[in-house]
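>>> This is a predicted model, with the sequence first.
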Amino acid sequence: MRQRLIRNAYEAAVTMTAVLLSWAAALWLEGAAGLHTDSVVLAVALTVTLARGRWWADRRGRLTALVLLPLAAAVCAGLSRLLAAHYGIGAALFTAGLALAIWIRRYGPAATRAGTLITLPLIALLIVPGPTLPADARPEAVNWGWSALIGLLAWASVLLVRTSAARFTPGPGDPEGFEHPEPPKPRRATTPRPRPSTRMAVQLAAAIAAAFVLGRLLYADHWPWLVLTAYVVASGNRGRNDVLRKGVRRFLGACAGTLLATGVAACGLGGHPAVAALFGVLAMALWLRPLDHAYWAAGMTTALALLLGYFGRNATDQLPARLSAIAAGAVLSVASAWWLLPVRRGRPGLTRS
């Protein structure tokens, strides 16, 4: 356990170094180009999610990420505008993009990596706080050109930090500096039933589509809360019990985060202290995330409250609604995994996202 905690601390430190580098670059760009703070939030969100992958370990992965990430970020900037103007069309395209990223896993590790890179800006779109802010604080959507550049900043930050860490300070218990050979491609199953990747794509699409509908009906502009939870619970589906376990843990973690965020809000943190506290909470959540997903959910709930506090919004009043949205999103994903083409644990093609 001690070795695992040390390993997790090392990984969290590497990720936070990349996050701070990306944040500093985006902050400079914001001031130089007159962008809104949502551009900085986008850079941090992309870097946090991008740092988890192993795309940086070989030249092919680096080039793939270099091409796909800025392109996907640019497309998502347009999708954000489309969701604001034509919610139904934007929701359909968003759902199709996530499902496609899961479906192409059938073509092996390279396709899985490409699908993950396509997914990152879509998830970042749900994290960027525009829809959750009051009307007078909502930024104009970052256009496609700046979004692509921010995606490039995140790519460069993660690549620089990860390659430097692998070269000079290989992680504890990993003397090769993260260089591991890719696992062989699974043998194609000869069965008339849909492949696991197809089932997972269908389940995810059903859960996300339902989350978009219910999110708009029940939570208005806060629909990203429900959609994000539905994705987090359904992604990386290793079977019905796995989805149920993740759903329960995410909800319990969000409850703990709600209590913590309430205490933080009572302290009245704002401005630069809120930013410092946010990064501290993020580092702690990254450290504990491999132990249990509940820690990550608690950290993200608290971080959102700090982010909204930075923008001058009291997030305490929104926490009960956020909890109910998380519960609803988890229920949608669990129902989809259990009753719609359920995936059996141990079947080929179950690649973790």
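Yep, that arrived.

>>> Give the next helix or strand downstream of the longest helix along the chain.
What stands out as the longest helix in the chain, according to DSSP state H, is helix 2-33. Of the helices and strands lying after helix 2-33 in sequence (DSSP states H and E), the nearest is helix 38-50.

>>> which helices and strands does that next one pack with?
Taking 3 or more C-beta pairs under 8 Å, 6 or more residues apart in numbering; DSSP states H and E as the contact definition, the neighbouring helices and strands of helix 38-50 are helix 2-33, helix 59-85, helix 109-127, helix 144-168. (Glycine included, C-beta is placed from N, CA and C.)

>>> Domain parsing of the protein, as residue ranges.
Structurally, the chain divides into domains by automatic domain parsing as follows: 1-174, 196-347.

>>> In TSV: those domains, plus mean neighbour count and mean pLDDT.
Compiled in TSV, those are given as follows (neighbours: other C-beta atoms under 10 Å; pLDDT from 0 to 100):
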stretch	mean neighbour count	mean pLDDT
domain 1-174	19	83
domain 196-347	20	81
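
>>> Report the separation between residue 54 and residue 12.
Taken as C-beta to C-beta, to the nearest Å, the spacing of residue 54 relative to residue 12 amounts to 16 Å.

>>> And residue 198, by the same measure?
Separation of residue 198 from residue 12 (C-beta to C-beta) stands at 35 Å.

>>> And the contacts of stretch 152-159?
Outside stretch 152-159, the residues that touch it by C-beta atoms under 8 Å, 6 or more residues apart in numbering are 18-19, 21-22, 25-26, 29, 43, 46-47, 50-51, 56, 62, 65-66, 69-70.

>>> is it true that residue 61 touches residue 68?
No - here residue 61 does not reach residue 68: they are 10.5 Å apart, not a contact under C-beta atoms under 8 Å.

>>> who does the longest helix of the chain touch, helix- and strand-wise?
Helices and strands in packing contact with helix 2-33 are listed as helix 38-50, helix 144-168, helix 271-288; criterion 3+ C-beta pairs under 8 Å, 6+ apart.

>>> out of those, which comes closest to residue 225?
Residue 225 lies closest to helix 38-50 among the helices and strands packed on helix 2-33, at 14.9 Å (C-beta to C-beta).

>>> How far off centre is that closest one?
Using C-alpha atoms, centre = their mean, to the nearest Å, we find the averaged C-alpha position of helix 38-50 to lie 10 Å away from the chain's own average C-alpha position.

>>> I'd like the numbering to begin with 36 instead of 1 from here.
Understood, numbering begins at 36; the last thing we discussed is helix 73-85.

>>> how far off helix 144-162 does that helix point, in degrees?
140 degrees (axes from the mean of the first three to the mean of the last three C-alpha atoms, to 10 degrees).

>>> and the angle for helix 73-85 with helix 94-120?
Taking the same axes, to 10 degrees, one finds that helix 73-85 is oriented at 140 degrees with respect to helix 94-120.

>>> Give me the contacts around helix 73-85.
Helix 73-85 has contacts (C-beta under 8 Å, 6+ apart) with 50, 53-54, 57-58, 60-62, 64-65, 100, 104, 108, 152, 155-156, 158-159, 162-165, 174, 177, 181-182, 185-186, 188-190, 192-193, 317, 321, 342.

>>> that older thread, columns distance to residue 370 on top of the helices and strands packed on helix 37-68, output as CSV?
Written out in CSV, the entries for the helices and strands packed on helix 37-68 read as follows (distance: least, C-beta to C-beta, whole Å):
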stretch, distance to residue 370
helix 73-85, 26
helix 179-203, 34
helix 306-323, 27
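
>>> Helices of the stretch 236-385 of the chain, residue ranges please.
Under the criterion DSSP state H, counting those that start in this stretch, helices of the stretch 236-385 of the chain are mapped to 258-269, 275-301, 306-323, 328-345, 354-374.

>>> elements contacting the last one?
Helices and strands in packing contact with helix 354-374 are listed as helix 231-254, helix 258-269, helix 275-301, helix 328-345; criterion 3+ C-beta pairs under 8 Å, 6+ apart.

>>> The first one now?
On a contact count with 3+ C-beta pairs under 8 Å, 6+ apart, helix 258-269 meets helix 144-162, helix 231-254, helix 275-301, helix 354-374.

>>> chain center to that helix: distance?
With C-alpha atoms, centre = their mean as the basis, helix 258-269 stands 10 Å off its chain's centre.

>>> tilt between it and helix 354-374?
Between helix 258-269 and helix 354-374, the angle formed by their directions is 40 degrees, by the same axes, to 10 degrees.

>>> what's the angle between helix 258-269 and helix 328-345?
Interaxial angle of helix 258-269 relative to helix 328-345 (the same axes, to 10 degrees): 160 degrees.

>>> Likewise for the third one?
Here helix 306-323 runs at an angle of 170 degrees relative to helix 328-345 (the same axes, to 10 degrees).
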